[in-house]
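A.B. asks: model this:
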Amino acid sequence: MYFDAEAIGAVVSFLQEATPCYLPIMAVTDDASIIGLHERLMQRILAIVCRLITNKESDAEWMTKDYMAKLIYSKYLISIPMLFDLLTIYGRTNAGILGKIFDTVMKIEPKYLIDLEKAIKFTGKTLASVQEQMDVATTREDVQLLNDLCLHTLDCAVSIGILLDVYPEARDICVAINMEQTITSVYDNFIPCLYRGIFMYNEKSSYLNLINRARVEMLSTFRSIVNSFIEKILNENQHTKKTSSNLEHVEALLSIFTLTLDTFKADFILQAFLCADENNFAKVNKPPQQTNHVNGFDSLDEEGACALPIESEADKCVDIDAQIQLVQDILPDLGDGFVRKLLERYDNAESAISAVLEGNLPPDLDECDKAEIYIPPDRQDQLYLETGVRRINVFDGDDYDVRTSEAPRGIIKTGKGFPGQPKTVAALLDDKSHVKELKSRYEQYSIVEENCGYDDEYDDSYDALTESESKKTARKPQSMRDVLVDEIEEEDEDEDDEQDVQSTERPARKNPLDFCENPEDIRARYEQRRQQKFGGAKKNADVVGKAKGQGQTNAVLASRQKKEVHKSSRANHNRKQGASWKKTRGMIPS
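C.D. replies: Below is the predicted model of the structure:
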């Protein structure tokens, strides 16, 4: 084990992952092979642990106890967490061999006692801190947290309880760290809250039985601690007479009873013993006298703490109505039916109000209608259940009965006028239903019929008369076109002077005989239109002007004023601000 780390790792892994004694393997699986394998593994692991604390196997194979103690302690072959895992897994059924393991380990290496004290202190702090985790579980999603707290509390209680049974010397450590006060605090405050929280979400949860198991373990642990004081007192009384140490043990025991027990719990225990076997107390004519010796007086004529008052039905109804009114005064938006359901689930109005305000209602109540009203049970239904006779009316089944049918047959006239007609003059004047009737008629007038312009019977007999002269010329023979060209040239020679004058004013028109228009004429015409539309190039405004002292012209002053007004549209005055804005958004400033 010392030279093979995987071997001790396998042992530790089994002890950490194995099912504890309060969750048997049969509850996990029904496979006989797995159950048999688990039992064999438990036997082997326990044998390995026993072998680790054995210093002599034979006359030839042995080691000193000091060397073995140093080896198993320094190399962590056996640790306090491993011993606690042994307690949780093997339980009280193997208390004898577990007691021998603890006695041997504590004797060969006293350092384990220091580690054991630290482990018990840590367990006590863990039990004291579970109440803080309980306060976190306020919603239905935290049901798993409640279950985990239940398992954690049970594991701590089982570990401490079995430890005190197999190793009684640990009771002195528990007394030194006031473990009994921690147990009573958890038992009185945390356990009821945990039980109530799990019960509200699932009344048949298996974790409720585990909570009861944890309660039993805590009572067993508390009884073991108290018995340690009683044993010390009895042992000292047998050997010596009254001593100061004996009185100290008595005072410590009384202080435990004073801090952890009260009159109610004592009376409750006595009442439970009396009710357990009524036959043994059949001849007793009066109830037993209850005394309170701790406070120094006898309550002979007073009722016990467990005496329950008899409450009548009328008082119970009045009490429920008063609690409903109290809840509705604080939460007026809740209906009395929903409040009644809350009070049936919770003990008092304060718990119901806190549950609503914190939002930790059970799933079935959370899904109910918060404004639900309470409908009292019908007396006729109750009479029918008791006697089997139902009240019969002659109007039962009448189609025209307004009182029994929400949608009676026919038209039921109530009040003035007829159904659907205006009741008052104002309603009559406000009626604009005739406008809706005219709307459809005006929509018909807005429709315009469109006829198609294409006609199959179109007459094209006279289309040739409107044909252009250029097309006619193109269809003439070559001889006729030559004559036409000569005539055009003669006319051009007669009007040369006029064309010279007009050419300066407008560009020459396209000759119909040219193959294409001159590109220079096209560019000139385009440039002329562009100049007419946009004008020439803008002249740079003069903002410098003359030297200082010589005066400035109105044009310079106007240019300066225009530049001052429009400078925000051209210049960039926010370069730093824009760069920082880009950096904050992960962009690269330009």
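
A.B. asks: wait, isn't Pro168 in contact with Lys232?
C.D. replies: No - judged on CB atoms under 8 Å, Pro168 makes no contact with Lys232 at a distance of 11.6 Å. For every residue, glycine as well, the C-beta is placed using N, CA and C.

A.B. asks: Comparing these two, which shows the higher neighbour count?
C.D. replies: Lys232 (18 against 15; other CB atoms under 10 Å).

A.B. asks: Wait, a helix at that one?
C.D. replies: Yes - remark: Lys232 belongs to a helix, assigned using DSSP: H, G, I helix; E, B strand; the rest coil.

A.B. asks: Tell me how far it lies from Arg171.
C.D. replies: 10 Å (CB to CB, to the nearest Å).

A.B. asks: can you check Ser568 too?
C.D. replies: 89 Å.

A.B. asks: more crowded one of these two?
C.D. replies: Arg171 (20 against 10).

A.B. asks: Now name the helix or strand holding that one.
C.D. replies: helix 170-176 (DSSP states H and E).

A.B. asks: May I have that helix exported as PDB, CA atoms only?
C.D. replies: C-alpha atoms of helix 170-176 as PDB (Å, rounded to 0.1, in the frame of the first residue of the first chain):
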ATOM      1  CA  ALA A 170     -15.100  10.900  22.100                       C
ATOM      2  CA  ARG A 171     -17.900  12.000  24.400                       C
ATOM      3  CA  ASP A 172     -15.400  14.200  26.400                       C
ATOM      4  CA  ILE A 173     -14.600  16.000  23.200                       C
ATOM      5  CA  CYS A 174     -18.300  16.600  22.500                       C
ATOM      6  CA  VAL A 175     -18.700  18.000  26.000                       C
ATOM      7  CA  ALA A 176     -15.700  20.300  25.600                       C
END
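
A.B. asks: what comes up buried for that helix?
C.D. replies: For helix 170-176, a neighbour-count test (16 or more other CB atoms under 10 Å) marks Ala170, Arg171, Ile173, Cys174, Val175 as buried.

A.B. asks: Can you pull out the low-pLDDT segments for the stretch 251-400 of the chain?
C.D. replies: Within the stretch 251-400 of the chain, the ranges that satisfy pLDDT under 70 run 251-318, 383, 388-400.

A.B. asks: Give me the next element, helix or strand, following the helix or strand in which Glu386 is found.
C.D. replies: Using DSSP H and E, Glu386 maps to helix 379-387. Next in sequence after helix 379-387, counting helices and strands by DSSP H and E, comes helix 425-429.

A.B. asks: Same question for stretch 86-96: list its buried residues.
C.D. replies: Neighbour-count burial for stretch 86-96 [16+ other CB under 10 Å]: Leu86, Leu87, Thr88, Ile89, Tyr90, Gly91, Asn94.

A.B. asks: cool, and stretch 181-200?
C.D. replies: For stretch 181-200, burial by neighbour count (16+ other CB under 10 Å) applies to 182-184, 186-187, 190-191, 194-195, 197-200.

A.B. asks: what does stretch 320-327 give?
C.D. replies: Gln323, Ile324, Leu326, Val327.

A.B. asks: Dump the C-alpha coordinates for it into CSV.
C.D. replies: Output of stretch 320-327 as CSV, limited to C-alpha atoms (Å, rounded to 0.1, in the frame of the first residue of the first chain):
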residue,chain,number,x,y,z
ILE,A,320,-60.9,31.0,10.5
ASP,A,321,-62.9,34.0,9.5
ALA,A,322,-60.8,36.3,11.7
GLN,A,323,-57.6,34.9,10.2
ILE,A,324,-59.0,35.4,6.7
GLN,A,325,-59.8,39.0,7.5
LEU,A,326,-56.3,39.5,8.9
VAL,A,327,-54.7,38.2,5.8
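
A.B. asks: just to revisit the earlier point, with only the CA atoms kept, save the helix holding Glu386 in PDB.
C.D. replies: In PDB, the C-alpha atoms belonging to helix 379-387 read as follows (Å, rounded to 0.1, in the frame of the first residue of the first chain):
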ATOM      1  CA  ARG A 379     -77.400  23.400   2.200                       C
ATOM      2  CA  GLN A 380     -79.500  21.500  -0.300                       C
ATOM      3  CA  ASP A 381     -76.500  19.400  -1.400                       C
ATOM      4  CA  GLN A 382     -75.700  18.700   2.200                       C
ATOM      5  CA  LEU A 383     -79.300  17.700   2.800                       C
ATOM      6  CA  TYR A 384     -79.300  15.500  -0.200                       C
ATOM      7  CA  LEU A 385     -76.100  13.800   1.000                       C
ATOM      8  CA  GLU A 386     -77.600  13.200   4.500                       C
ATOM      9  CA  THR A 387     -81.200  12.200   3.500                       C
END
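
A.B. asks: Which stretches in the protein count as strands?
C.D. replies: Secondary structure of the chain by DSSP state E: the strands cover 290-292, 297-299.

A.B. asks: Quick check: Val105 touching Leu86?
C.D. replies: No - the criterion here is CB under 8 Å, and Val105 misses it with Leu86 at 10.6 Å.

A.B. asks: which stretches of this structure aren't confidently modelled?
C.D. replies: 1-3, 135-141, 236-318, 383, 388-406, 408-414, 447-514, 536-538, 589-590.

A.B. asks: Report the contact partners of the spatially closest residue to Thr123 that is not a sequence neighbour.
C.D. replies: Closest residue to Thr123 apart from its sequence neighbours, by CB to CB, 6 or more residues apart in numbering: Cys156 at 5.3 Å. Residues in contact with Cys156 (CB atoms under 8 Å, 6 or more residues apart in numbering) are Thr123, Thr126, Leu127.

A.B. asks: For Gly91, see how far away Cys156 is.
C.D. replies: From Cys156 to Gly91 the distance is 15 Å (CB to CB).

A.B. asks: Sort out which of the contacts of Cys156 are in helices and list them.
C.D. replies: Mapping the contacts of Cys156 onto helices (DSSP state H) picks out Thr123, Thr126, Leu127.

A.B. asks: rewinding a little: now, which of the buried residues of stretch 320-327 sits nearest Asp381?
C.D. replies: Ranked by distance to Asp381 (CB to CB), these are led by Ile324 at 22.6 Å.

A.B. asks: Quick one: residues contacting the closest one.
C.D. replies: Counting by CB under 8 Å, 6+ apart, Ile324 has contacts Asp336, Val339, Arg340, Leu343.

A.B. asks: The last one touches Ala349, doesn't it?
C.D. replies: Yes - using CB under 8 Å, Leu343 makes contact with Ala349 at a distance of 6.8 Å.

A.B. asks: and for these two, which residues touch both?
C.D. replies: With CB under 8 Å, 6+ apart, Leu343 and Ala349 have common neighbours Gln323, Val327.

A.B. asks: And those two? Which one has more around it.
C.D. replies: For Leu343 versus Ala349, the count of surrounding residues by other CB under 10 Å is larger for Ala349: 21 against 18.

A.B. asks: Kindly provide the distance from that one to Met179.
C.D. replies: 37 Å.

A.B. asks: cool, Met587 as well?
C.D. replies: For Met587, the distance to Met179 - CB to CB - is 64 Å.

A.B. asks: who's more crowded, those two?
C.D. replies: Met179 (23 against 10).

A.B. asks: Report the separation between that one and Val130.
C.D. replies: 15 Å.

A.B. asks: again with His434
C.D. replies: Applying CB to CB to His434 and Val130 gives a distance of 77 Å.

A.B. asks: Got the domain ranges for this structure?
C.D. replies: 315-366, 377-412 (automatic domain parsing).

A.B. asks: Quick one: residues contacting Leu428.
C.D. replies: Contacts of Leu428 by CB under 8 Å, 6+ apart are Pro422.

A.B. asks: do the one 3 residues further on as well
C.D. replies: Asp431 makes contact with Pro422 under the criterion CB under 8 Å, 6+ apart.

A.B. asks: ok, the closest residue to Ile34 other than its chain neighbours - contacts?
C.D. replies: Nearest non-adjacent residue to Ile34, counting by CB to CB, 6+ apart: Ile25, 7.6 Å away. Shown in contact with Ile25 (CB under 8 Å, 6+ apart): Thr19, Ile34, Ile35, His38.
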